[in-house]
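Novice: Starting from these lines, generate the structure:
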Amino acid sequence: MTSYAGEYRKSLDDPAAFWGEAARAISWNRKPRQVLDEENAPIYRWFPGARLNTCYNALDRHVVAGRADQAALIYDSPVTGTKRTYTYAELLDLTARFAGGLEACGVTKGDTVLIYMPMVPEAVIAMLACARIGAVHSVVFGGFAPAELAVRIDDARPKVVVAASCGVEPTRVIEYKPLLDEALRRAGHRPETTVVFQRPQAVAEMGPQDVDWRTLMTPNAVPPAACVTVEATDPLYILYTSGTTGRPKGIVRDNGGHAVALAWSMKAVYDIGPGDVMFTASDVGWVVGHSYIVYAPLLAGATTVLYEGKPVGTPDAGVFWRIVDEYKVNAVFTAPTAFRAIRRIDPSAKLLEGYDISSLRTLFLAGERLDPDTYRWASEKLGVPVVDHWWQTETGWPICANPRGLEDLPVKAGSPSVPLPGYDVQVLDPLGQPLGPDQEGAICIRLPLPPGTLATLWQDDERYVSSYLSAFPGYYLSGDGGYRDGDGYLFVMGRTDDVINVAGHRLSTGSMEAVLAAHPAVAECAVIGVHDELKGQLPRGFVVLKAGVETPGDQLRDELVTLVRTEIGAVASLRRVDVVAALPKTRSGKILRKTMREIADGAPVSVPSTIEDVSVLDALTPVLRG
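Specialist: Now for the predicted structure:
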């Protein structure tokens, strides 16, 4: 093992040397001559002038190196009763064929392709196929409603949309094609073609611009595509932060820095190498799915498990243990919510007794704060190290973690451990001055950010700088608050803006407020995130009605909940809306959302001196605590 402290210090003292060495793990068409371009700071570029292909690094090179018959992707779908293993040679063949199909649809290097699919192998194939021909993919989570999908279509302006006919849940089938058709009706941009992967659970009706996936994949229908060489600084994908209001923020990930960082993280953080098996229970619509279901395991030459199901109910709370046993999984990565759900149904872990999980070396949890009770339960029942780690859609890979491949550091419950090499994490006061141990402030990262983090926002450098880099010059603003203790361990205490974390999914309360405010009966509203034992946070809505509105309370609440579900999607999890007489505000008109949240969570309440009318808050308190 390499010393964590030594590697961390090296990465900050000489980032060019550190990441130049890490870049040797990647196959380049033109090797890097320059590691870091600082000319346009605060927008930095990694490995300018170098050239590569990400799909080649994820698939072709492993076949060339003799891993053709090793399992690359294991598909396990208890909701459809389907299991299939794809070797590296098979996955390469399917990817090259679909890439050829995209080329036949007119997709060329630099074009965008939007992917709207559930957890099926075809989603992975579509992502890799885009990378193969230098197209930029944007995966949109299948649960998103037409309104959210439409704004992403208008922003990414895809030449082609790749969609499945449906998604399959434990108790229902969700038809995707009608949702996509409605999104296309709303969108101003019109893609040239929609490729539809038909699933037997719900076959979609095809239109004149629609092409069946099977048609493109018919042997000899189109020639398989070769890898297209791209610049290291060219975009690989766009991933939209969920629930943003107005124009969405499209996080841009480049090809070169992304490949180097993810390959490094697999070895240093997850201790996973060629031939190992990694099971990441997430969705390809989220950053975790991009990084640690698809790209990182394949870049490392490992086997990745693609799971279509839930942690409980498909069929029971022992399904994770079944997967570990059946596929000899070495590392599991999921959200704390999953383990809270498993624990709630099987608190004694009796379902674990029927499975052999001796292959499991580490459990990784991320996406939200890991509460100490869940940490202790998982540690006790599994008997393996439980690693909490913290990162964001924007960073693409962990900011803080216990680096299992470098050094097995002590674990502190409630902390994602220490900053990883490349991340100069600081806790700043409102004036931008670094704070000392145990002092809470804004968690920021000194620039430059390491490779693999967001290069910019899609076609909007100015917004990238104003959103992330302008609050504290020379720093990236994480949007989270917290503190570091005397040993350098970070404690993340929560969001500093209006984004809440529901079961690992970051959702904007502002977008929900916009939907509620659109109801003709609503005069004003507020949405806050309140603590929930299972999902970490849940949104609660509060509305003030317009004068003279006589809509019955229960009917209105149902209408508002349905409206949010329709416009944002079920992922919003908004189930409670209270009608109130007034909302507490400051004299300047700002709604006291933080104070409302503190009351609802039973936390110490800080009422600002600028409150306009304290009686409004007093009247609302019983509702918040109810």
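Novice: Test for you: state the pLDDT assigned to whatever residue is furthest in space from the centre of the chain.
Specialist: Largest separation from the mean C-alpha position in the chain: G548, at 43.5 Å (CA atoms, centre = their mean). At G548, the pLDDT value in this model is 76.
Novice: So what does it have for phi and psi?
Specialist: With angles defined as degrees, to the nearest 10, G548 sits at phi 90, psi 0.
Novice: could you measure it against R186, distance?
Specialist: 32 Å (CB to CB, to the nearest Å). Just so you know, the C-beta spots here come from the backbone N, C-alpha and C atoms, and that holds for glycine as well.
Novice: All the helices of the stretch 451-600 of the chain, residue numbers only.
Specialist: 461-464, 509-517, 553-567, 593-601 (DSSP state H, counting those that start in this stretch).
Novice: Is it possible to get a markdown table of the ones you listed that adds mean pLDDT?
Specialist: Shown next, in a markdown table, are the helices of the stretch 451-600 of the chain (pLDDT from 0 to 100):
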| stretch | mean pLDDT |
| --- | --- |
| helix 461-464 | 96 |
| helix 509-517 | 81 |
| helix 553-567 | 88 |
| helix 593-601 | 90 |
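Novice: Generate a markdown table for those, with distance to V616 and mean neighbour count as supplementary columns.
Specialist: Below are the helices of the stretch 451-600 of the chain laid out as a markdown table (distance: least, CB to CB, whole Å; neighbours: other CB atoms under 10 Å):
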| stretch | distance to V616 | mean neighbour count |
| --- | --- | --- |
| helix 461-464 | 35 | 15 |
| helix 509-517 | 18 | 21 |
| helix 553-567 | 19 | 16 |
| helix 593-601 | 11 | 19 |
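Novice: how about JSON lines for those, with distance to P42 added?
Specialist: JSON lines is the format used below for those (distance: least, CB to CB, whole Å):
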{"stretch": "helix 461-464", "distance to P42": "9"}
{"stretch": "helix 509-517", "distance to P42": "26"}
{"stretch": "helix 553-567", "distance to P42": "35"}
{"stretch": "helix 593-601", "distance to P42": "29"}
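Novice: closest to L370 out of those?
Specialist: helix 593-601 (17.8 Å; CB to CB).
Novice: Packing partners of that closest one?
Specialist: Under the contact criterion of 3 or more CB pairs under 8 Å, 6 or more residues apart in numbering; DSSP states H and E, helix 593-601 touches strand 522-532, helix 614-625.
Novice: got the angle between that helix and strand 522-532?
Specialist: Taking axes from the mean of the first three to the mean of the last three CA atoms, to 10 degrees, one finds helix 593-601 and strand 522-532 inclined to each other by 50 degrees.
Novice: Return the distance of the biggest helix by length in the chain from the chain's centre.
Specialist: Of all segments of type helix in the chain, defined using DSSP state H, the longest is helix 88-104. Centroid separation for helix 88-104 versus its chain: 25 Å, with CA atoms, centre = their mean, to the nearest Å.
Novice: quick one on the thing from earlier: out of the helices of the stretch 451-600 of the chain, which is closest to L435?
Specialist: Nearest of those (CB to CB): helix 593-601, 19.8 Å.
Novice: Just want the angle from the closest one to helix 509-517.
Specialist: Going by the same axes, to 10 degrees, helix 593-601 makes 90 degrees with helix 509-517.
Novice: outside of helix 593-601, which residues touch it?
Specialist: The list of residues contacting helix 593-601 from outside it, by CB atoms under 8 Å, 6 or more residues apart in numbering, reads 498, 509, 526, 528-531, 540, 542, 584, 603-608, 617, 620-621, 624-625.
Novice: Now a PyMOL select for only the buried ones of these.
Specialist: To isolate the buried subset of those in PyMOL, counting by 16 or more other CB atoms under 10 Å, use the following:
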select buried, resi 498+509+526+528+529+530+540+542+584+617+620+621+624
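Novice: can you put the helices and strands packed on helix 593-601 in a markdown table and add distance to V228?
Specialist: Putting the helices and strands packed on helix 593-601 into a markdown table (distance: least, CB to CB, whole Å) gives the following:
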| stretch | distance to V228 |
| --- | --- |
| strand 522-532 | 43 |
| helix 614-625 | 56 |
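Novice: Going by mean pLDDT, which of those comes out lowest?
Specialist: strand 522-532 (a mean of 87).
Novice: just checking, what packs against it?
Specialist: strand 499-502, helix 509-517, strand 536-545, helix 593-601.
Novice: export the ones you listed to TSV and tack on distance to D234?
Specialist: Compiled in TSV, those are given as follows (distance: least, CB to CB, whole Å):
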stretch	distance to D234
strand 499-502	29
helix 509-517	31
strand 536-545	36
helix 593-601	40
